[in-house]
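Novice: Got a sequence here, can you build the structure:
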Amino acid sequence: MTMQNYRPFAGLTPAVKALLIANVAMWLLTIMAGKMFQTDLDNILGLHLPQSQYWAPWQYVTHMFMHASLSPYGRIEFTHLFFNMFALFMFGRILESVWGSARFLVYYFVCGIGAGLLNSAVGWFEVHGMYEQYHLFLESPDPYILADFAQKQLGEPAGWVWNTIDAWINNQSSAEYMEAGKQIFARIIDLKANVPMVGASGAVFGILLAFGMLFPNTELFLMFVPIPIKAKYFVVGYGLLELYLGMVNSAGDNVAHFAHLGGMLFGFILIRWWNRHHKNFY
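Specialist: So this is what the prediction gives:
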């Protein structure tokens, strides 16, 4: 691959333009479907974990075109879409100028689908572990175990969760509260398994990785950081940060960190495969 067709200040390239239009169109369609027809497209097209009753194989592709459209308070949410599309515009058009549209689209979808696969694998083991805890809990119900589980999974659980736990602690022999505790435990697992993953972030992280590999010494100026950072250091640092956040798995963190890592991992594998007979990647 040569650099002769590289246009660093090129405008919108065809594939990036199509992806931008598709993502914005799906964001608008999601809002309209929810407000006009009470249809949750995120739940249909977002990627669910394999244990979820809503899981479907096509979601490994469709989740890439879905973005959070409403905030927890019901207001229209634009930031998720904006930052993903901004990164796609900034870096994707450069990669497409170097690779061509066909190869760029192959890379984009491999990263996006790979992100979904890794997220599913990690999520499957996590939910499986939660089910094991649940079966142990059924054998020996304890309000303090439930409180610890709720705290780790929800961060600050809803009032009705704490109210039930507090009431059970004060009356530990109550069969009613014991049964309610079992239902709460199961409901928390269902919430975990049934929350869909949406967004093009996995594919975008793959794009960032590719940019760092093609142009490792290009200096980037980051928002709120007035010091230029070389692309190779930015990519490595961002990857390590995502790995740390994914391992910590803080309660209330709704970011799919392992999906981001999946996009980078599958992008790296594909680049190495493309480059297996060449000294240089481009």
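Novice: contacts, neighbours, all on C-alpha from now
Specialist: Noted.
Novice: any idea which element residue 31 lies in?
Specialist: According to DSSP states H and E, residue 31 maps onto helix 14-37.
Novice: Show the subsequent helix or strand relative to that helix.
Specialist: helix 41-45.
Novice: Which elements pack onto that following helix?
Specialist: The contact analysis (3 or more CA pairs under 8 Å, 6 or more residues apart in numbering; DSSP states H and E) places helix 41-45 against helix 14-37, helix 59-62.
Novice: Export only the CA atoms of the longest one, formatted as PDB.
Specialist: Spelled out, it's helix 14-37. Taking Å, rounded to 0.1, in the frame of the first residue of the first chain, the C-alpha atoms of helix 14-37 are listed here in PDB:
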ATOM      1  CA  PRO A  14     -17.600   8.300   0.500                       C
ATOM      2  CA  ALA A  15     -17.600   5.500   3.100                       C
ATOM      3  CA  VAL A  16     -17.300   7.900   6.000                       C
ATOM      4  CA  LYS A  17     -20.000  10.100   4.600                       C
ATOM      5  CA  ALA A  18     -22.400   7.100   4.300                       C
ATOM      6  CA  LEU A  19     -21.600   6.000   7.800                       C
ATOM      7  CA  LEU A  20     -22.200   9.500   9.200                       C
ATOM      8  CA  ILE A  21     -25.600   9.700   7.400                       C
ATOM      9  CA  ALA A  22     -26.600   6.200   8.500                       C
ATOM     10  CA  ASN A  23     -25.800   6.800  12.200                       C
ATOM     11  CA  VAL A  24     -27.500  10.200  12.300                       C
ATOM     12  CA  ALA A  25     -30.600   8.800  10.500                       C
ATOM     13  CA  MET A  26     -30.800   5.900  12.900                       C
ATOM     14  CA  TRP A  27     -30.500   8.300  15.900                       C
ATOM     15  CA  LEU A  28     -33.400  10.400  14.500                       C
ATOM     16  CA  LEU A  29     -35.400   7.300  13.700                       C
ATOM     17  CA  THR A  30     -34.900   6.000  17.300                       C
ATOM     18  CA  ILE A  31     -36.200   9.200  18.800                       C
ATOM     19  CA  MET A  32     -39.300   9.300  16.400                       C
ATOM     20  CA  ALA A  33     -40.100   5.600  17.000                       C
ATOM     21  CA  GLY A  34     -40.000   6.100  20.700                       C
ATOM     22  CA  LYS A  35     -42.100   9.200  20.800                       C
ATOM     23  CA  MET A  36     -44.600   8.400  18.000                       C
ATOM     24  CA  PHE A  37     -45.000   4.600  18.300                       C
END
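Novice: what comes up buried for it?
Specialist: Within helix 14-37, the residues that count as buried by 16 or more other CA atoms under 10 Å are 15, 16, 19, 20, 23, 24, 26, 27, 30, 31.
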